[in-house]
Structures are given as C-alpha cells and as structure tokens.
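Asker: sequence first, then the predicted structure:
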There are 2 protein chains.
Amino acid sequence: MSRQSFDPATLTYNDAGLIPAIAQDVTTGEVLMMAWMNADSIARTLETGKVTYWSRSRQAFWIKGETSGHVQELVDFRFDCDSDCLLVVVNQTGPACHTGRQSCFYRAVRGGDVIELEAAP
Amino acid sequence: MSRQSFDPATLTYNDAGLIPAIAQDVTTGEVLMMAWMNADSIARTLETGKVTYWSRSRQAFWIKGETSGHVQELVDFRFDCDSDCLLVVVNQTGPACHTGRQSCFYRAVRGGDVIELEAAP
C-alpha cells in the first residue's frame, strides 16, 4: 500500500476546469448522482466533509443539500486510474435527486422502452 | 410506472457529442469505471448487450474487453434526471481497469494522503 500527499492540482480537469464526481451511497451501494467539481470544491469537500460540487448553471459552489437539507457527508474520496473522474462515497441524508427520488438514475431502458424505476414522491 | 419508447437523441450530449457512462458491477455494486458514449455507441450497447463506449483518444467505438477479454455484459441501462449521464449495470468479466485492478477507482484520499486500495496485480 503506497502513500503520498494528495494535491488536487494533480488531477485532470476538462477545458472548463471541471472533473466529474460520482456519488455512491455507503450504506446501499446505490449510485446516487453525478455532478462536477473544480479544484477548489475538491479542497472544500475534503476540508469540511460536506460534499461540495461546482454548479455549472450558477457558476458557484454547490454544497449539496445546503438549502434542501439533503446533505452528503463524505465517507471516502476516490479517484480513477486516469485521474479524470472522482468517486465520493457518502452518507446521504434524504433523497439525492432534486425530483425527490433517492437516486437521479431512476429511469431505465428495457425492451426499447423507458421505465421509471421509482415514482415521483 | 410510466413507459415510453427510448430514443438516444433525447439525451443531452456535450459539445463533442458525448455523454458520461458510469459502469457498476451488478453482483458487488462496485463502481467500476467511467467512460464516454455517443448516440451510436448507446444504440450498439442496447442492440448487442455488449457495453460499447466511444474512445476519445482513438476516436472509435470501444467494445469494452474486445481485445482484453474483460467484457461488460449489459444488465441494465439507466440515465439520470437531467438526461446527461448514464449508468450501465454490468456483468463484468475479469478486471474493469486497464491496470488489472477490479475497479478504476483504486485510490483514495485519507488524512491528506493518497492510499492505494488495491495493489497492482
């Protein structure tokens, strides 16, 4: 098991300075959502333990659940072999999706049709 | 449970015509990797049941495991609330990562250090 100091600058960001972050529920293993982080939101996430994305629409930090209360407490912060994708393992309070569903991935394609796996609350 | 015919054109792609696709192991729930698809690779994935990405470096279809044998058999194809991210639930043969590790997300940041969760084989 190798060990070295982590520097967010060593990750690979896209032209907008962003890297995709997948959130996974530590309890259920469910993939909850995917959003984007920049180097500063990564640093804030690690410092505060509150998962903090970068909102592309608002061009601002997005502390997940700050207004809804559906916060994501960071359990583990991982990154992939190419250093261009993040996986945050979280304790999710309430639903992760803005539609009120537990996961944003509530639709599936089966037999050519779109199926809703979880109804809107 | 609502039902409608699926059309890959209804998804939201980036400027390069790509959409991120997260692969999750159906058996373990482990998040294996993230890669990219375009509309054609989505259609091929659904038609063949073999998860087929779009290689940005080679600018070509990338049937996962075609050369390595580490194929991903599609179990379920899902997409998120914003229709701009995919989740493919798969039967993974062998390791998903090109480094030989089961998952590409084999590094974690803990206490400011980078830890390898799985050693190179």
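Answerer: Thanks, I have it.

Asker: could you use CA atoms for every contact and neighbour count after this?
Answerer: Fine.

Asker: residues in contact with residue A:79?
Answerer: By Cα atoms under 8 Å, 6 or more residues apart in numbering or on different chains, the contact set of residue A:79 is A:85-87, B:104-108.

Asker: so who does the nearest residue to it once chain neighbours are set aside touch?
Answerer: Distances taken as Cα to Cα, 6 or more residues apart in numbering or on different chains place residue A:86 nearest to residue A:79, at 4.4 Å, with adjacent residues excluded. Residue A:86 sits next to A:19-22, A:77-80, B:105 when contact means Cα under 8 Å, 6+ apart.

Asker: out of these, which is nearest to residue A:47?
Answerer: Checking those against residue A:47 by Cα to Cα gives residue A:77 as the nearest, at 11.6 Å.

Asker: mind listing what the residue most central in space within chain A touches?
Answerer: Geometric centre of chain A, nearest residue: residue A:23, 3.6 Å, by Cα atoms, centre = their mean. Residue A:23 is in contact with A:31-34, A:87-90, counting by Cα under 8 Å, 6+ apart.

Asker: let's have those residues in CSV, adding pLDDT and distance to chain B.
Answerer: Shown next, in CSV, are these (pLDDT from 0 to 100; distance: Cα to the nearest Cα, whole Å):
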residue, pLDDT, distance to chain B
A:31, 98, 8
A:32, 98, 9
A:33, 98, 7
A:34, 98, 7
A:87, 98, 7
A:88, 98, 9
A:89, 98, 10
A:90, 98, 13
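
Asker: so of these, which ones are in strands?
Answerer: Counted as lying in strands by DSSP state E, out of the contacts of residue A:23, are A:31-34, A:87-90.

Asker: in this structure residue A:114 contacts residue A:108, no?
Answerer: Yes - at 5.6 Å, residue A:114 counts as touching residue A:108 under the criterion of Cα atoms under 8 Å.

Asker: what is the nearest of the contacts of residue A:86 to residue B:5?
Answerer: Relative to residue B:5, the closest of the contacts of residue A:86 is residue A:22; by Cα to Cα it sits at 27.3 Å.

Asker: and the closest one, that's in a strand?
Answerer: Yes - according to DSSP: H, G, I helix; E, B strand; the rest coil, residue A:22 belongs to a strand.

Asker: how would you label residue A:9: helix, strand or coil?
Answerer: Taking three-state DSSP as the rule, one finds residue A:9 in the helix state.

Asker: who's in contact with the closest residue to it other than its chain neighbours?
Answerer: Counting by Cα to Cα, 6+ apart, residue A:39 is the residue found nearest to residue A:9 once chain neighbours are left out, at 6.7 Å. Residue A:39 makes contacts with A:8-9, A:17-18, as judged by Cα under 8 Å, 6+ apart.

Asker: which stretches of chain A have low pLDDT?
Answerer: By pLDDT under 70, the low-scoring segments of chain A are A:1-3.
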